[in-house]
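*Asks:* here is my input, please return the structure:
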Amino acid sequence: MFPSATGGTSFTVTLPNEQATARFAMDIAAALEPGDLVTLSGDLGAGKTTFARALIRYLAGDDTIEVPSPTFTLLQSYELPRFALVHADFYRLSGAAELAELGFDDLPIGTVVLLEWPDRAAGFLPSDRLDITFTLAPQLNAETRNARLVGYGAFAARVSRIPQVRTFLDQTGYGDVPRRRMEGDASTRIFERLILDDHTDVLMNSPRRADGPPVRNGKPYSAIAHLAEDIVPYVALAQGLRDRNLSAPTVLQADLDRGFLVMEDLGNERIVAGDPPAPIAERYEAAVDLLISLHRRKLPERLPVAPHVEYRLPHYDIDAFLIEAELLLDWYLTSAQGKVANGVREEFVALWREALKPAIEAPATWVLRDYHSPNLLWLPERESVARIGILDFQDAMIGPAAYDVASLLQDARVDVPESLEVTLLSRYARARLYDQRFDAPAFARLYATLAAQRATKILGIFARLERRDGKPQYLRHIPRLLRYLQRSLAHPELAPLRAWYAANLPPQDQL
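*Replies:* Numbering: from 1, shown residues only. Sure, this is the predicted structure:
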């Protein structure tokens, strides 16, 4: 792997036969995201169309689908499960001026483009793309091809992972196992199912988190908010949860340095159902009971990872709470009304600092941090709280128990009816009354405070996903978050915060 002379990241792979080309296509498919451009260069007969055919068939999940060469039609369109794809061939174009006539400006947002003979569009290609150049290898044999990949812009980091994934799978015995990309989350992680003869496992491809720019005291946001930098916390927490008879995935293979895991596949059955998804009461009850079971225990701050290696969970301190809440100012309010005035920010931070004092002083436990429906599975064949499969916990911390309860009962992606929220909150509180440290009224206030803080944070995150990352689909959840925020800020102890939101939220978002 090395930076190319033109500023990209590149590597070369040798493809001795069509089977190797199909496996290479699978590797590329795993790295593709909606809206990507992949250019295919090489002389006639070098293997461009053979690769494109293998890639499209893999993405379609159908080895028999007809994939004709677009040499004469110029464009071939495909509606694939993950995205629309256009296979284009510019060999017959006389120049870039003909691009507009082909309708490239009118392609739906998110369409992936495979482009043969990209030199015909020189000067018009976007800076974020993957270039693949195929060449013959006559010194080896007539079938062998070499493929050189160069990733530019945002594609450079993804290209660097492709050979690393291939090496990891080959070394762990999964090299020839078919893979299928799974629906991902808002992070940079990629999940794939590894399809074996009698079961499936899951591959997690989790690159090390890059530090962002310093935002406070020389530290980036991720350090202040205590976000996981690598997969070590995930491995530690997975085993920690399993040691307590909870259903986190078993880690089967791991490369801690490069960020790859093969782990147990817990399936697809969610704790919600329908379209739009709605909570299934029995499953939400089990999810609450899991938190009860966890919060009753004395839990360690240090967890083993490997021989002579431990992981220490960070504390959910006031700086982490505040930097999360300020995402509302930095992304949500700035997108709505321009830069937030210093006085408005100072008042916001002071109000939250005061409101969060009980959270810092509360009895501490493991805060899994993303304990909500997208990360929870239903495992009916297991018993009691083990029926809940837990998928996402790498950002776990030591902090107040109310946080995960609020995360579940005010799910940012699912409408949890207020009646169900109250019923389940009461279920949790009644079960915890046997704990002498549990103060029900104090817990109720803390629940409202952390639910409001979490809604505040996620409003900022979803605005950031749209503005910075080009993911507008998260904006559909904004009305729900505002309703949750209204519920939580109705607590009498949060009246000063409620007044701030009433004065500073945009008119259309007034609580």
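
*Asks:* how about stretch 388-396: buried residues?
*Replies:* Buried residues in stretch 388-396, defined by neighbour count with 16 or more other Cβ atoms under 10 Å: 388, 389, 390, 391, 392, 393, 394, 395, 396. Where you see a C-beta, it was placed from the backbone N, CA and C, and this is true even at glycine.

*Asks:* just stretch 489-503 next, same as before
*Replies:* Neighbour-count burial for stretch 489-503, counted by 16+ other Cβ under 10 Å, picks out 489, 491, 494, 497, 498, 500, 501.

*Asks:* ok, back up a step: can you tell me which of the buried residues of stretch 388-396 are in strands?
*Replies:* 388, 389, 390 (DSSP state E).

*Asks:* what about residue 309, neighbour count?
*Replies:* By the criterion of other Cβ atoms under 10 Å, residue 309 has 11 neighbours.

*Asks:* hmm, I typed the wrong one, I wanted residue 283.
*Replies:* Residue 283, neighbours per other Cβ under 10 Å, totals 21.

*Asks:* looking at it, residue 429 is touching residue 441, isn't it?
*Replies:* No. Taking Cβ atoms under 8 Å as the definition, residue 429 is not a contact partner of residue 441, at 9.8 Å.

*Asks:* neighbour count for the two, which is higher?
*Replies:* residue 429 (17 against 9).

*Asks:* excluding its backbone neighbours, what's nearest that one?
*Replies:* Spatially, and ignoring its direct neighbours in sequence, residue 429 is nearest to residue 440 (5.2 Å; Cβ to Cβ, 6 or more residues apart in numbering).

*Asks:* got it, and residue 22?
*Replies:* Distances taken as Cβ to Cβ, 6+ apart put residue 54 closest to residue 22, at 4.7 Å, once the chain neighbours are dropped.

*Asks:* can you tell me how far the one you found is from residue 396?
*Replies:* Residue 54 sits 40 Å away from residue 396, taking Cβ to Cβ, to the nearest Å as the criterion.

*Asks:* cool, and residue 49?
*Replies:* Distance of residue 49 to residue 396, given as Cβ to Cβ: 48 Å.

*Asks:* try residue 299
*Replies:* For residue 299, the distance to residue 396 (Cβ to Cβ) stands at 10 Å.

*Asks:* repeat that for residue 387.
*Replies:* From residue 387 to residue 396 the distance is 21 Å (Cβ to Cβ).

*Asks:* swap in residue 266?
*Replies:* Here residue 266 is placed at a distance of 18 Å from residue 396 (Cβ to Cβ).

*Asks:* got it, and residue 277?
*Replies:* In terms of Cβ to Cβ, residue 277 sits 25 Å off from residue 396.

*Asks:* residue 496 contacts residue 353, doesn't it?
*Replies:* No. At 11.6 Å, residue 496 and residue 353 do not qualify as touching, with contact defined as Cβ under 8 Å.

*Asks:* quick one: residues in contact with the helix or strand hosting residue 166.
*Replies:* Under the criterion of DSSP states H and E, residue 166 resides in helix 155-171. Applying Cβ atoms under 8 Å, 6 or more residues apart in numbering, the external contacts of helix 155-171 come out as 1, 8-11, 13, 27-28, 30-31, 36, 128-130, 149-151, 175, 177, 203, 205, 207, 253, 255, 258, 260.

*Asks:* using CSV, write out every CA atom in it.
*Replies:* Output of helix 155-171 as CSV, limited to C-alpha atoms (Å, rounded to 0.1, in the frame of the first residue of the first chain):
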residue,chain,number,x,y,z
PHE,A,155,-12.2,6.6,-1.3
ALA,A,156,-8.5,6.5,-0.3
ALA,A,157,-9.1,5.2,3.2
ARG,A,158,-11.6,2.5,2.0
VAL,A,159,-9.1,1.3,-0.7
SER,A,160,-6.5,0.9,2.0
ARG,A,161,-8.8,-1.5,3.9
ILE,A,162,-9.6,-3.8,0.9
PRO,A,163,-6.3,-5.8,0.9
GLN,A,164,-6.3,-5.9,4.7
VAL,A,165,-9.7,-7.5,4.8
ARG,A,166,-8.6,-10.0,2.2
THR,A,167,-5.5,-10.9,4.2
PHE,A,168,-7.5,-11.3,7.4
LEU,A,169,-10.1,-13.5,5.8
ASP,A,170,-7.5,-15.7,4.2
GLN,A,171,-5.5,-16.1,7.4
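
*Asks:* renumber starting at 52 from here on
*Replies:* Sure thing, new numbering starts at 52, so read that last one as helix 206-222.

*Asks:* quick one: buried residues of it?
*Replies:* Burial within helix 206-222, assessed by neighbour count using 16+ other Cβ under 10 Å, is assigned to 206, 207, 209, 210, 211, 212, 213, 215, 216, 217, 219, 220.

*Asks:* try stretch 176-190
*Replies:* So, applying 16+ other Cβ under 10 Å, buried residues of stretch 176-190: 176, 180, 181, 182, 183, 184, 185, 186, 187.
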